[in-house]
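Asker: task: produce atomic coordinates for the following.
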Amino acid sequence: MRDALRQLLGHPRATAEILLARLQGRRLRARQKLAALIGIDHQLTLPAAILDRFPLDRAPPADGILVLGDSILVAGARDRIATAFAADPELQAIYGDALIQDHPRGPVRPLLAPSFDADWLAHLDYLAPLLACRPGALAAATRPTGPADAAFRIAERYGAGAIGHLPEILSIRRGVPGDRASPAGEGGQHRHFDALRGHLDRTGRRESRIVVVGDDGFFQVEHPLPDPRPLVSLIVPTRDRLDLLRPCLESLATCTDWPNLELLVCDNDSREPETLAFLQALEREGRGLVVPCPGPFNFAAMNNAAAVRARGALLVFVNNDVEAFRPDWLTRMAREALRPEIGAVGAKLLDDEGRVQHGGIVLGTGGLVTHAHRHFPGDAPGYLAGLRATHAVSAVTAACLMVETQKFRAVGGFDDADFAVDFNDVDLCLRLNAAGHRTLLVPGAVLHHRESASRRWTPAARARHEREITALKKRWGPLLAQDPHYHPGFDPDLSTHARLRRGFPAAGPASVRRPPA
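Answerer: Predicted coordinates for the structure are as follows:
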């Protein structure tokens with residue numbers, strides 16, 4: 001509260017705008033401005049009385065369905081699981097959400113799981129409460145050690161799409177598990193390690209290492225890099241603004257531990273003498289290549305033009321208002337981008353206040369799209385460790401986006417006709433996803449971003465922005481209705497993962513969600 005009051009008193013103009021919006025009845029605008037000013041965090045706990053709405057059902061599931069986990073099914077869950085299996089013969093396993101009460105009469109935490117994501121599951125066992133498996137989903141001799149082990153094996157056998165998520169409360173867990181065999185205990189961590197190691201080995205990734213990160217015992221998978229490491233092309237668009245460009249390029253040169261880099265600066269009609277002198281020196285000294293991009297500002301076309309000239313096996317698109325400060329950022333991203341099944345890879349970006357500016361892009365929130373965990377503290381773990389765990393997202397921002405050159409060219413690069421300035425990154429990621437290459441957020445790669453510090457809004461720019469909104473809705477409308485990676489139980493109008501949707505938990509059955517094909 002003291003920090004919030006200090007921010008409000010220290011920014012009287014912003015505080016006045018919040019009060020004015022509130023007095024005018026624009027409550028959503030006021031909430032969003034307040035979150036941007038003072039920051040935000042989770043407020044997801046529920047009163048203990050919520051458990052009274054979900055009586056337990058301790059009877060075993062019928063029809064040979066195997067149920068794994070450390071929680072107890074609620075009344076009606078058995079029928080919901082059986083109905084889901086009957087409705088879809090290709091569905092081999094299913095899990096739902098859980099209510100967790102660590103202490104008697106204490107607050108209740110909802111565990112709102114994502115669609116199945118093996119990368120996220122490697123870091124955090126979000127399936128620990130419950131996984132139900134169809135009879136025959138596992139090979140006859142298989143004895144899974146827990147939900148994660150079973151899910152990995154089913155995904156290997158049938159594909160990730162065979163595992164579904166019911167976004168409704170199916171189980172309840174009371175008390176902190178105290179035995180070493182529990183998924184949340186020490187023995188459970190060993191089991192999860194073994195399950196993950198087995199999954200990596202069975203899928204041809206024996207050289208991938210599992211490292212324990214932090215004091216909470218979460219796992220991180222380090223995929224191997226080729227030797228020698230391939231050339232990486234850093235692409236930075238600019239128009240003057242040397243005050244941004246110089247620290248950006250200096251940080252990329254001094255805070256990047258990759259041995260083989262080339263720098264391309266896309267120059268969109270810079271005119272200031274100091275900028276022109278800087279760019280000329282850049283080329284003269286062999287520190288980078290300047291790609292002239294004259295004409296009206298077209299962010300997508302500028303990046304495409306540089307990508308044609310790039311020689312690297314990996315392309316990294318970096319805004320001129322981004323600065324690196326941790327040398328391992330590129331290495332962390334490259335470990336993922338070089339995987340055959342991965343398309344675009346994004347980083348965690350922090351704003352000038354040290355808060356999260358980008359933690360992946362979520363579709364269908366904030367009216368259209370928004371950045372995940374925006375305005376959260378920079379060191380926050382995120383919901384279900386979403387600001388620590390590498391995991392699948394629908395899209396990532398081109399303020400810092402890595403992709404293999406061959407994959408970028410195969411989908412035609414950025415669409416510079418329909419998305420000259422805005423949403424070109426979202427569109428690129430969704431086209432890569434449609435081509436079978438998943439988009440990943442790598443929160444371990446962290447950079448600073450002075451968002452839109454180099455942009456100026458004009459009537460023409462606003463008109464162009466509206467046209468690009470229309471194009472995005474026309475091309476990707478069904479996905480914009482509900483992000484397949486984001487839980488529908490969260491409030492869609494504020495920063496993601498911060499509040500529960502009004503009326504949560506909703507009454508009535510939900511539809512099974514599956515990861516994008």
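
Asker: in this protein, which spans are helices?
Answerer: 2-10, 12-23, 27-38, 77-87, 118-123, 147-158, 186-202, 242-254, 273-284, 299-309, 329-337, 405-410, 424-434, 459-481 (DSSP state H).

Asker: out of these, which is closest to residue 381?
Answerer: helix 118-123 (10.8 Å; Cβ to Cβ). C-beta here means a position set from N, CA and C on the backbone, and glycine is covered the same way.

Asker: how about CSV for the helices of the chain, with distance to residue 266 added?
Answerer: Shown next, in CSV, are these (distance: least, Cβ to Cβ, whole Å):
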stretch, distance to residue 266
helix 2-10, 36
helix 12-23, 33
helix 27-38, 30
helix 77-87, 50
helix 118-123, 32
helix 147-158, 40
helix 186-202, 39
helix 242-254, 11
helix 273-284, 11
helix 299-309, 4
helix 329-337, 19
helix 405-410, 15
helix 424-434, 14
helix 459-481, 19
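
Asker: residue 357: which of these is closest?
Answerer: Minimum separation from residue 357 across the helices of the chain (Cβ to Cβ) falls at helix 27-38, 10.4 Å.

Asker: residue contacts, the nearest residue to residue 481 once chain neighbours are set aside?
Answerer: For residue 481, ignoring the flanking residues on the chain, the nearest one in space by Cβ to Cβ, 6 or more residues apart in numbering is residue 364 at 5.7 Å. Residues in contact with residue 364 (Cβ atoms under 8 Å, 6 or more residues apart in numbering) are 479, 480, 481, 482, 483, 486, 492.

Asker: confidence score at the last one?
Answerer: At residue 492, the model reports a pLDDT of 81.

Asker: residue 393 against residue 348, yeah?
Answerer: No. Checked against Cβ atoms under 8 Å, the pair residue 393 and residue 348 is beyond contact range at 11.5 Å.

Asker: to residue 264, which of the helices of the chain lies closest?
Answerer: Taking the helices of the chain one by one with Cβ to Cβ, helix 299-309 is closest: 4.4 Å.

Asker: pLDDT weak spots in the chain?
Answerer: 1-42, 60-62, 176-187, 215, 366, 451-457, 507-508 (pLDDT under 70).

Asker: at 80 what do you get?
Answerer: Segments of the chain classed as low confidence (criterion: pLDDT under 80) are 1-43, 58-63, 176-188, 214-217, 366-367, 451-457, 493-495, 506-509, 517.

Asker: most distant residue from the middle of it?
Answerer: residue 273 (40.5 Å; Cα atoms, centre = their mean).

Asker: separation between residue 78 and residue 58?
Answerer: 11 Å (Cβ to Cβ, to the nearest Å).

Asker: likewise residue 129?
Answerer: According to Cβ to Cβ, residue 129 and residue 58 sit 15 Å apart.

Asker: the two: which has the busier surroundings?
Answerer: residue 129 (26 against 7; other Cβ atoms under 10 Å).

Asker: my read: the more buried one touches residue 98, true?
Answerer: Yes. The pair residue 129 and residue 98 passes the contact test of Cβ under 8 Å, sitting 3.8 Å apart.

Asker: now for the two: what residues contact both?
Answerer: Joint contacts of residue 129 and residue 98 (Cβ under 8 Å, 6+ apart) are 71, 111, 171, 173.

Asker: give me the subset of the residues you listed lying in strands.
Answerer: Mapping those onto strands (DSSP state E) picks out 111, 171, 173.

Asker: of those residues, which is the most crowded?
Answerer: Going by other Cβ under 10 Å, residue 171 tops those with 25 neighbours.

Asker: who does that residue bridge with?
Answerer: Counting by DSSP bridges, residue 171 is bridged to residue 73, residue 98.

Asker: surely residue 351 and residue 447 touch.
Answerer: No. Using Cβ under 8 Å, residue 351 is not in contact with residue 447; the gap is 11.1 Å.

Asker: who's more crowded, the two?
Answerer: Neighbour totals were compared for residue 351 and residue 447, and residue 447 leads with 25 against 17 (other Cβ under 10 Å).

Asker: got the contact list for the more buried one?
Answerer: Residue 447 touches 322, 323, 324, 325, 326, 329, 347, 348, 349, 350, 400, counting by Cβ under 8 Å, 6+ apart.

Asker: who's it bridged to?
Answerer: Under the criterion DSSP bridges, residue 447 forms beta bridges with residue 324, residue 349.

Asker: can you give me the distance of it to residue 330?
Answerer: From residue 447 to residue 330 the distance is 10 Å (Cβ to Cβ).

Asker: so what sits against both of those two?
Answerer: residue 324.

Asker: on that earlier part again, of the contacts of residue 364, buried ones?
Answerer: 479, 480, 482, 483, 486, 492 (16 or more other Cβ atoms under 10 Å).

Asker: redo those residues as a markdown table? Include distance to residue 410.
Answerer: Below are the buried ones among the contacts of residue 364 laid out as a markdown table (distance: Cβ to Cβ, whole Å):
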| residue | distance to residue 410 |
| --- | --- |
| 479 | 21 |
| 480 | 24 |
| 482 | 28 |
| 483 | 24 |
| 486 | 27 |
| 492 | 33 |
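
Asker: closest one of these to residue 192?
Answerer: residue 486 (24.3 Å).

Asker: for the closest residue to the closest one other than its chain neighbours, what are its contacts?
Answerer: Nearest-residue entry for residue 486: residue 362, 4.8 Å, with adjacent residues in sequence omitted and distances by Cβ to Cβ, 6+ apart. Residue 362 sits next to 369, 370, 371, 372, 393, 394, 483, 485, 486, 496 when contact means Cβ under 8 Å, 6+ apart.

Asker: show me those that map onto strands.
Answerer: 369, 370, 371, 393.

Asker: make JSON lines from those residues and add neighbour count to it.
Answerer: Formatted as JSON lines, the ones in strands among the contacts of residue 362 follow (neighbours: other Cβ atoms under 10 Å):
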{"residue": "369", "neighbour count": "22"}
{"residue": "370", "neighbour count": "22"}
{"residue": "371", "neighbour count": "23"}
{"residue": "393", "neighbour count": "26"}
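
Asker: what's the farthest-apart pair in these?
Answerer: 370 and 393 (11.9 Å).

Asker: next, show the common contact partners of those two.
Answerer: Shared contacts of residue 370 and residue 393, counting by Cβ under 8 Å, 6+ apart, come down to 361, 362.

Asker: quick one, what contacts the nearest residue to residue 238 once chain neighbours are set aside?
Answerer: Spatial nearest neighbour of residue 238, chain neighbours left out: residue 320 (4.4 Å); criterion: Cβ to Cβ, 6+ apart. If you count contacts by Cβ under 8 Å, 6+ apart, residue 320 has them with 236, 237, 238, 241, 244, 245, 248, 454.

Asker: out of those residues, who's nearest residue 340?
Answerer: residue 236 (27.6 Å).

Asker: as JSON lines, the contacts of residue 447 with neighbour count and distance to residue 300 would be great.
Answerer: Supplementary listing: the contacts of residue 447 in JSON lines, determined by neighbours: other Cβ atoms under 10 Å; distance: Cβ to Cβ, whole Å:
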{"residue": "322", "neighbour count": "24", "distance to residue 300": "17"}
{"residue": "323", "neighbour count": "20", "distance to residue 300": "23"}
{"residue": "324", "neighbour count": "26", "distance to residue 300": "23"}
{"residue": "325", "neighbour count": "12", "distance to residue 300": "27"}
{"residue": "326", "neighbour count": "16", "distance to residue 300": "28"}
{"residue": "329", "neighbour count": "26", "distance to residue 300": "24"}
{"residue": "347", "neighbour count": "31", "distance to residue 300": "20"}
{"residue": "348", "neighbour count": "26", "distance to residue 300": "23"}
{"residue": "349", "neighbour count": "25", "distance to residue 300": "20"}
{"residue": "350", "neighbour count": "20", "distance to residue 300": "25"}
{"residue": "400", "neighbour count": "25", "distance to residue 300": "16"}
